[in-house]
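**Q** Provide a 3D model corresponding to the input given below.
(chains A and B)
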Amino acid sequence: EAGVVQSPRYKIIEKKQPVAFWCNPISGHNTLYWYLQNLGQGPELLIRYENEEAVDDSQLPKDRFSAERLKGVDSTLKIQPAELGDSAVYLCASSLTGTANTEAFFGQGTRLTVV
Amino acid sequence: KQEVTQIPAALSVPEGENLVLNCSFTDSAIYNLQWFRQDPGKGLTSLLLIQSSQREQTSGRLNASLDKSSGRSTLYIAASQPGDSATYLCAVKGGGSEKLVFGKGTKLTVNP
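**A** Below you'll find the model as predicted:
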């Protein structure tokens, strides 16, 4: 069974340019997360979806970040315009909907470098 | 607001040693706790999930325990191997939110 698939794996862009990341969750997983991980830190949530609804986007910098999950499956995270401080690893995860016994599975991440 | 702390930040041990990694959290009203492994430049690999009603989970040489009332979890690795070298992260779900809240991780180095 395929895991969570993210693309691209690496992206280098100049500041002020736009960038987009794509995530395909595990089949049947209703919950999808986007996390940001800075070097030496634990991942921090940007946005959480239940099906196509963004149920927690309180930590998403909405002036430059946007996300969508069309048809409740694949998701795209966009940054426009990118800043130097956005250089980080962007992780996508998915799980079944629920609380106690729902294990989250992560993709390989997209490493963004803004120059 | 849930906060997760992992101690130590880094650990270096000789091959074959048994070791314990620690994780503490501030809000005990959790749904579950998950341990992950992260290799350099890679994503997170799920190791163990402990539901709030459970005390421990085992997978191979790994054993994770949970003491929800004291806000603590430990990951025990038996007979460590160089291939265990990685960063180990714990994450809790609950405490007022269904998101996973992560610690900063423990970087483990197992020397041959």
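
**Q** show me which residues of chain A sit near chain B.
**A** A:4, A:6, A:33, A:40-45, A:48, A:55-56, A:91, A:93, A:99-109, A:111 (Cβ under 8 Å from any Cβ of the partner chain). For the C-beta atoms, the positions are set from N, CA and C on the backbone; glycine is no exception.

**Q** in chain B, what residue comes closest to chain A?
**A** residue B:102 (3.3 Å; Cβ to the nearest Cβ).

**Q** now do the residue lying closest to that residue once chain neighbours are set aside against residue B:80, distance only.
**A** Distances taken as Cβ to Cβ, 6 or more residues apart in numbering or on different chains put residue A:42 closest to residue B:102, at 3.3 Å, once the chain neighbours are dropped. Distance of residue A:42 to residue B:80, given as Cβ to Cβ, to the nearest Å: 22 Å.

**Q** buried subset of the residues of chain A next to chain B, written for PyMOL?
**A** With 16 or more other Cβ atoms under 10 Å in any protein chain shown as the criterion, this PyMOL line picks the buried residues out of the residues of chain A next to chain B:
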select buried, chain A and resi 4+6+33+42+43+44+45+48+56+91+93+102+104+105+106+107+108+109+111
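
**Q** can you give me every residue that contacts the closest residue to residue B:10 other than its chain neighbours?
**A** Nearest residue to residue B:10, sequence neighbours excluded (Cβ to Cβ, 6+ apart): residue B:107, at 4.5 Å. Counting by Cβ atoms under 8 Å, 6 or more residues apart in numbering or on different chains, residue B:107 touches B:9-11, B:86-87.

**Q** strands paired with the helix or strand residue B:107 falls within, and their directions?
**A** Element membership for residue B:107 (DSSP states H and E) is strand B:106-111. Counting by DSSP bridges, the strands paired with strand B:106-111 are strand B:10-14 (parallel), strand B:86-94 (antiparallel).
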